[in-house]
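> take this sequence and fold it.
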Amino acid sequence: MANASWIIPAAVAIFTPIVMSAIGKRASIAAPTDPSGLRTLRLPRVFGALGRVSFGIALLFLFGGLRVALNGELISLFLLLCAAGFGAMAVSLVGNGRNHTVSFDQDHMVVTDYRKRSQPCAWGDIVSGRVHPLSKMIVLRTSDGRRLRINPYLIGSDDLFRMMAERTALPVADLVAKARSTG
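Residues are numbered from 1 along each chain as shown. Prediction:
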């Protein structure tokens, strides 16, 4: 029987761009406006589901690492590091899926992170932006030194980024393109 160890990496390579493209299409959905004029954006529920899957993978790596460690093999350290990595990713995905929101209007925005901390910011206070290389979050720096992290896959985020391009001097289109790229 032939070795089929290439199947899982190939499936991930094929399906990851397809899934990210489907999630990205939700960015064009118009966000509802509340009576005060704020529009609130949330992440799709798939982020929480991916977090729970990552948690299961972390448990499998942990179990495998502990089992191999009992045999005295050094590969156990690698497996335990993989468990820690998937565990951290699971916490981030579940936390962001539940709590990460951005509310905005003509004058300001309020970013709520995965720990439920809300940070208001006037559009004029944003001085720079970059894309985090690992998380692909858009990281905005304010004039008082705060960092606001925005996930580029928020439902209705195209409206947010359009407003940000109008109200700030940032290269918003470039930031969004870089954040949404799968490469």
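
> contact partners for Ala58?
Contact partners of Ala58, counting by Cβ atoms under 8 Å, 6 or more residues apart in numbering, are 82-87, 89-90. Yep, even glycine has a C-beta here, placed from its N, CA and C like the rest.

> am I right that it sits in a helix?
Yes: remark: Ala58 belongs to a helix, assigned using DSSP: H, G, I helix; E, B strand; the rest coil.

> relative to Ala90, how far out is it?
When distances are taken as Cβ to Cβ, to the nearest Å, Ala58 and Ala90 turn out to be 6 Å apart.

> could you do Ala179 as well?
When distance is defined by Cβ to Cβ, Ala179 is 21 Å away from Ala90.

> so which residues of the chain form strands?
Taking DSSP state E as the criterion, the chain contains strands spanning 39-42, 101-104, 108-112, 118-122, 126-131, 138-142, 147-150.

> and those strands: which comes nearest Asp158?
strand 39-42 (9.9 Å; Cβ to Cβ).

> list the buried ones in the closest one?
Buried residues in strand 39-42, counted by 16 or more other Cβ atoms under 10 Å: 39-42.

> can you check stretch 88-104 too?
Neighbour-count burial for stretch 88-104 flags 89-90, 92-104 (criterion: 16+ other Cβ under 10 Å).

> where does the prediction get shaky in the chain?
Using pLDDT under 70 as the threshold, the predicted model of the chain has low-confidence ranges 1-34, 182-183.

> repeat that with 50
For the chain, the stretches flagged by pLDDT under 50 are 1.

> could you list the domains of it?
Split into domains by automatic domain parsing, the chain comes to 1-43+100-183, 45-99.

> list the contacts for Val111?
With Cβ under 8 Å, 6+ apart as the criterion, the residues that contact Val111 are 101-102, 118-119, 121, 148-150.

> spit out the contact partners of Arg42.
Counting by Cβ under 8 Å, 6+ apart, the residues that Arg42 touches are 100-101, 154-155.

> adding distance to Ala49, write these out as a markdown table.
Putting those into a markdown table (distance: Cβ to Cβ, whole Å) gives the following:
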| residue | distance to Ala49 |
| --- | --- |
| His100 | 15 |
| Thr101 | 18 |
| Leu154 | 17 |
| Ile155 | 15 |
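
> closest to Met164 out of those residues?
Leu154 (12.1 Å).

> quick one, what contacts the closest one?
Contact partners of Leu154, counting by Cβ under 8 Å, 6+ apart, are 27, 41-43, 100-102, 160.

> do that again at 6 Å, thanks
Contacts for Leu154 (Cβ atoms under 6 Å, 6 or more residues apart in numbering) come out as 41, 43.
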